[in-house]
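Colleague: have a look at this prediction, sequence included:
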Amino acid sequence: MNVKELVRECVLTIKPYKPGKPIEEVKRELDLKTVYKMASNENALGPSPKAMQAIKKALPGINRYPDGNCFYLKKALAKKYRLRPENIIIGNGSDELFVLAMLAFIEPGDEVIVAEPTFLMYKLDAQLFEARVVSVPLKAFRYDLAAMKAKITSRTKLVFIANPDNPTGSYVTRKEVEQFLKDLPDNVIVIFDEAYFEYVEACDYGDCLRYLNRGNVIVCRTFSKAYGLCGLRVGWAAGSREIIAYMNQVRDPFNVNQLAQVAAEAALTDTRHVEKSRRLVSDGRKYIYAELKAMDLFFVPSVTNFILINIGPESAAVYEKLLRRGIIVREMTAWGLPNFLRVTIGTKKENQLFVKALKTILFSKKGA
């Protein structure tokens, strides 16, 4: 029998998520000695020194299984955000938390509402669970919460709201969130993905943890961005005691490794590192904005550590030329944005190299 005949139908139609190219892969493919990755919204400063120390201390114990309940990390998060440990679940990155929510609550045929475009995993995960995906277009590169609310039916089970959004870097305001949650049907669970929460400086942005008592709300955050722990995969979510209990019921017993747990707990205490990361991003954002304006390039104002830039029809070619110069950015065709590149704000040196290379490619006769 052909193996294809055994595969679930929904798997055959999935287009797998393709992450940004790793540095080592680009070095091998293009025979480059130095490569700068500005594609995956990682923290350019690296991990917290406290997290590194915690990992070194924990290394002798990796012959033992990790704490399946992540007791100490939950306790630290509960203290910092004034929650109860039973309202928190820890995941292998935020991605696993989205899957756990679907494992717990999605039946085939249920509706999942997402924005278009937004973080691709919402749609991909929903398709794997045989849900009906309802996509609502962004309005001026922002979530249109009123339009999303209008799409809710008796079959709607989950609504994903990335706040701030990836790939646009935009956000929805506290007032918009409250209006969306007002009189929301009981059959709907809203997942707020706040992966970039720590970078937001906008005064009208709403911390959605305040809405945990407003119906079925799940708030997801991560240690991958401002805390610089992408490689360890640690995310966490907060919700009602009942929602979290059901998500734990379908969670693998040792889903977060020991080194990730101790690193995340230590990183949570390193407010100096987070603040330094915020300043780096804020300064870098202003610098890149000014340079993009001087180049007369459209970009979406961002509250995150990345910027979405309209390069035009030659976007894919510009991406390849940047790659050959050892600068990895994100080409956005997979998001339905073929004219755009997304660049992660890096160190001062990285930002300057990116700007210089972009200018050369776009405006110099030697840009090829």
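Modeller: Okay, I see it.

Colleague: could you identify the longest helix within this protein?
Modeller: In the chain, assigned by DSSP state H, the helix with the most residues is helix 271-294.

Colleague: show residues contacting that one.
Modeller: Applying CB atoms under 8 Å, 6 or more residues apart in numbering, the contact partners of helix 271-294 are 43-45, 48-50, 198-199, 201, 226-228, 267, 299, 302, 304-305, 307, 309, 343, 345-348, 351, 354-355, 359. (Each C-beta comes from the backbone N, C-alpha and C, glycine too.)

Colleague: per-residue confidence averaged over that helix?
Modeller: Throughout helix 271-294, pLDDT has a mean value of 97.

Colleague: gap between whatever helix or strand comes next after that helix and the chain center?
Modeller: As assigned by DSSP states H and E, the chain's next helix or strand after helix 271-294 is strand 298-300. Mean C-alpha position of strand 298-300 versus that of the full chain (CA atoms, centre = their mean, to the nearest Å) differs by 20 Å.

Colleague: check stretch 249-257 too.
Modeller: Distance of stretch 249-257 from the chain centroid (CA atoms, centre = their mean) equals 21 Å.

Colleague: next: stretch 278-286.
Modeller: Stretch 278-286 has its C-alpha centroid displaced from the chain centroid by 19 Å (CA atoms, centre = their mean).

Colleague: how about that stretch: buried residues?
Modeller: Within stretch 278-286, the residues that count as buried by 16 or more other CB atoms under 10 Å are Arg278, Leu280, Val281, Gly284, Arg285.

Colleague: check stretch 339-351 too.
Modeller: Using 16+ other CB under 10 Å as the test for burial, stretch 339-351 gives Phe340, Leu341, Arg342, Val343, Thr344, Ile345, Gly346, Glu350, Asn351.

Colleague: cool, and stretch 175-183?
Modeller: Neighbour-count burial for stretch 175-183 [16+ other CB under 10 Å]: Glu176, Val177, Phe180, Leu181.

Colleague: where do the strands sit along the stretch 1-150 of the chain?
Modeller: For the stretch 1-150 of the chain, the strands defined by DSSP state E, counting those that start in this stretch occupy 36-37, 88-91, 111-116, 132-137.

Colleague: would you map the helices across the stretch 151-300 of the chain?
Modeller: For the stretch 151-300 of the chain, applying DSSP state H, counting those that start in this stretch gives helices covering 174-181, 241-249, 258-269, 271-294.

Colleague: so the last one versus helix 258-269, what angle?
Modeller: Relative orientation of helix 271-294 with respect to helix 258-269: 80 degrees, computed using axes from the mean of the first three to the mean of the last three CA atoms, to 10 degrees.

Colleague: hang on, the earlier thing: now find how far off-centre the longest helix of the chain is within its chain.
Modeller: Relative to the centre of its chain, helix 271-294 is centred 18 Å away, using CA atoms, centre = their mean.

Colleague: how about stretch 247-264?
Modeller: 19 Å.

Colleague: what sits up against it?
Modeller: Stretch 247-264 has contacts (CB under 8 Å, 6+ apart) with 47, 51-52, 54-55, 57-59, 61-62, 64-68, 70, 72-73, 89-92, 96-97, 100-101, 103-104, 223, 227, 229, 232-234, 237, 239.
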